[in-house]
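>>> Sequence first, predicted model second:
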Amino acid sequence: MTSEPGGPRRDGGAGEAAGDTVGARTEDTEHTARDTAAPEHTGLKRFAALWSRAVHPVAATSLSPEELADRLLPLARQLADALHARPFDTTVAYEVGAALVDAQCTEPEALPAVLGAVDAHLVDHCPPDEAEERDDAETRARCARLQHALAAGFVRELRARERAAQQAISRAALAARTEAEKALHASEAKFRAVFEGAVIGVGIAALDGEILVVNDPMAAMFGGRDFFRPGRNVNEFVHPDDAPGAHELYRQLVHGERDHFRIEKPHYRDDGSVLWTNLTVTLLRDSTGAPQYQLTLAEDITEHRELQERLRYEATHDELTGLPNRTLFLERLDQVLAADADAERFGVCYLDLDGFKAVNDSLGHAAGDRMLMAVAERLHACLTSPDELIARVGGDEFMALVTGPSAQTDGTALARRMLAALAEPVRVEGRELQVRGSIGVVDGRAGEIGRAEVLRSADITMYRAKAAGGNRYELADADSNARVIARHSLTNGLPSALEKGEFFIEYQPLVRLTDGTVRGAEALVRWLHPVHGVLGPDQFIPLAEDTGLIVPLGRWVLEQAARQARKWRDGAEGDGDPLRVNVNLSPCQLSHPTLVSDTVAVLENAGLCPSTLCLEVTENDLIGADEDALRPLRQLADLGVDIALDDFGTGYSNLSYLRRLPVSQLKLDRSFTRGMQRAPADPVDVKIVEGIVSLAHTLDLAVTVEGVETAVQAEHLRMLGCDTAQGWYYARPGPPERLHTLALADAS
């Protein structure tokens, strides 16, 4: 048996192949039961009996309830086996659905009864040893999937029978046309016998469309013979849902350009209800071959159509909220984006709820579902025209589509309405929950952009809104999107960059202000990107922190800096103090459990004493840190490693907080000393720096100043008592060899 998407393919007329397949399976099952003398489990027999009791009253079957139960028993066994099979496979459920049609359960009312019985009794009447092992939630989910597959198999078999019936209709049409032509030329009585004896609707109309005569089945379809009152014309049977091209097919037929056509067509009855028919319209010619009449054969397919529509609705709408789902949204978007779409412009709003995960985690998924239903109702109320669509496309993600000439402004206006609709709290389980959302708005012209680009731009723009604090919308911007894409590219390239050795380190001297000698250097990592060239730490360190790569990258920097400090020490002349090396630590490294052990191992491998190393930590990373967070730094400080508080003055921390931090140096942010680059110095900056230096020295802390760019600035800082400085006035970051040259020059 071959398979098609959505279920196994079923060939042959009127479900014969399905009956053979399932019948063979049933016979094999019964044969095995007879051979092994193993009795059917009483639970399955009870389920089959309950199933028969539910289905028999609405099934067009000649079997008695007991005979139907016997027919359903092997099908129940197949469903039970499939329910607990590993791996899980719904194929057998398709076959069971087809077998029900073979068992004459063909009435539309039979399918809900079948599914209801399976839902109510299948799980509860499984063999006890299996029931004890199953996970209830998983089993219920499997049962639901088996129901869906069974319904699909049932509908597929009905369609197969419908196709067979259509073929029969076609044959009947051909036979009717032949007989009608003979009857018109030979015997009116003979034609009338064929006309009145047909079991399908038959009508004859003139070429101008005037209905001449219909048989009883045709009249019954439309509610009685009053519908076909004298003068009624087939051209009156126009319906908004007529298939495209239907009128052209009819025109070709009455002009003799074609002999017949077949089409599914809706009609309005006199009571306003809709009748769906499968029509075969055939041209009748006279003895000379000239068009004379049109013969119509009609089959009522309304119930089948309603079942198809119901299945279609379930496949394209969200079960929880009732909104269109991602499938339907993408279908509409593709229609709008087509080059020949009617809409000149379109707009897409992509909304993601801020902090929704916290609701699920704290209140449970049931509360989260109720919140989503409330949000969906509010968002749907924001729609103001038929050109707008709102869909739930993910867990807490919604997308809106607007079309029309003013879609650019309408999309922005819709985003504002959506945010306003979410402003009021949602009441869930007696709690008022604040709802916030981030929205990315994309607009464009039909035919100029593809679906993938629209969705990517909307996603990027939404995350820009979220990164800006959330509870807002952002408009798509090509430059911003390019930056995000470039950022993504860099993020993807980070892991391999470390393996390929694309990182290198430059060193910026730390100069003692009292005598101008080089005290050490700060190690600054660079990335030699194969496409973008040399990238500074501000371009990739945040990405490394987001991805967790900062820990191995930080250890690599520490190892390289320690080895370089060892080279400086081995190459130094005299007994002067060895050059120190400063290495920056990120927040991720501070919280990593191996920070202390990794640092000790690096120092031991390099043969350095701890006092040669200074680890720099930004002030913001330590503000409010508890004792557990400070413990690794205290351990390193106890070993002799210097700890420097970097960017001091930017974190608005309480200065008295310095007393409990295990730091030995303050690195004053450059913003406090820019006013000293030229004479006269800014008196406010002078007072601030003077106060910080005095406080630091009182706490026995050394002070280093960043960003020194002029001799005037360096002199001011020296007079204020700062200990060391770094900046372009002394040297820009560069290769390690240059630092040793500077040190030798100072010594001379």
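Cool, the structure landed.

>>> hang on, isn't M676 packed against M719?
No - applying C-beta atoms under 8 Å as the test, M676 and M719 come out as separate, 10.0 Å apart. For glycine as for every other residue, the C-beta is placed from the backbone atoms N, C-alpha and C.

>>> Who has more neighbours out of those two?
M676 (23 against 12; other C-beta atoms under 10 Å).

>>> could you list every residue that touches the more buried one?
Contacts for M676 (C-beta atoms under 8 Å, 6 or more residues apart in numbering) come out as 682, 685-686, 689, 712-713, 716-717.

>>> Please pick the buried ones from these.
682, 685-686, 689, 713, 716-717 (16 or more other C-beta atoms under 10 Å).

>>> Do a quick rundown of the strands in the stretch 601-748 of the chain.
With DSSP state E, counting those that start in this stretch as the criterion, the stretch 601-748 of the chain has strands at 613-618, 642-648, 665-668, 702-705, 724-725.

>>> Could you single out the nearest of the buried ones among the contacts of M676 to V511?
Using C-beta to C-beta, L717 is the member of those that sits closest to V511, with 10.6 Å.

>>> Does the closest one touch E706 like I think?
No - look at L717 against E706 with C-beta under 8 Å: they stay out of range, at 10.8 Å.

>>> what's the model's confidence in the helix or strand that contains R46, averaged?
Using DSSP states H and E, R46 falls within helix 42-55. Helix 42-55 carries an average pLDDT of 77.

>>> now for the helix or strand following it, which elements pack on it?
Per DSSP H and E, helix 42-55 leads on to helix 65-84 as the next helix or strand towards the C-terminus. Under the contact criterion of 3 or more C-beta pairs under 8 Å, 6 or more residues apart in numbering; DSSP states H and E, helix 65-84 touches helix 16-36, helix 42-55, helix 91-102, helix 128-133, helix 136-185.

>>> Next, the angle from the second one to helix 91-102.
Pointing back at helix 42-55 there. 50 degrees (axes from the mean of the first three to the mean of the last three C-alpha atoms, to 10 degrees).

>>> Could you quantify the relative orientation of helix 42-55 and helix 65-84 as an angle?
Going by the same axes, to 10 degrees, helix 42-55 makes 120 degrees with helix 65-84.

>>> Can you give the distance of helix 42-55 from its chain's centre?
Helix 42-55 has its C-alpha centroid displaced from the chain centroid by 41 Å (C-alpha atoms, centre = their mean, to the nearest Å).

>>> Restricting the selection to alpha carbons, write that helix to PDB.
This file holds the C-alpha atoms of helix 42-55, laid out as PDB (Å, rounded to 0.1, in the frame of the first residue of the first chain):
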ATOM      1  CA  THR A  42     -13.900  -8.600  27.700                       C
ATOM      2  CA  GLY A  43     -13.000  -4.800  27.800                       C
ATOM      3  CA  LEU A  44     -12.800  -4.700  24.000                       C
ATOM      4  CA  LYS A  45     -15.900  -6.700  23.600                       C
ATOM      5  CA  ARG A  46     -17.700  -4.300  25.800                       C
ATOM      6  CA  PHE A  47     -16.300  -1.300  23.800                       C
ATOM      7  CA  ALA A  48     -17.400  -3.000  20.500                       C
ATOM      8  CA  ALA A  49     -20.900  -3.400  22.000                       C
ATOM      9  CA  LEU A  50     -21.100   0.200  23.200                       C
ATOM     10  CA  TRP A  51     -19.700   1.300  19.800                       C
ATOM     11  CA  SER A  52     -22.400  -0.600  18.000                       C
ATOM     12  CA  ARG A  53     -25.100   0.700  20.300                       C
ATOM     13  CA  ALA A  54     -24.000   4.300  19.500                       C
ATOM     14  CA  VAL A  55     -23.600   3.900  15.800                       C
END
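
>>> helices and strands around that helix, which ones?
On a contact count with 3+ C-beta pairs under 8 Å, 6+ apart, helix 42-55 meets helix 65-84, helix 110-121.

>>> weakest of those helices by average pLDDT?
Across the helices and strands packed on helix 42-55, helix 110-121 gives the lowest mean pLDDT, at a mean of 72.
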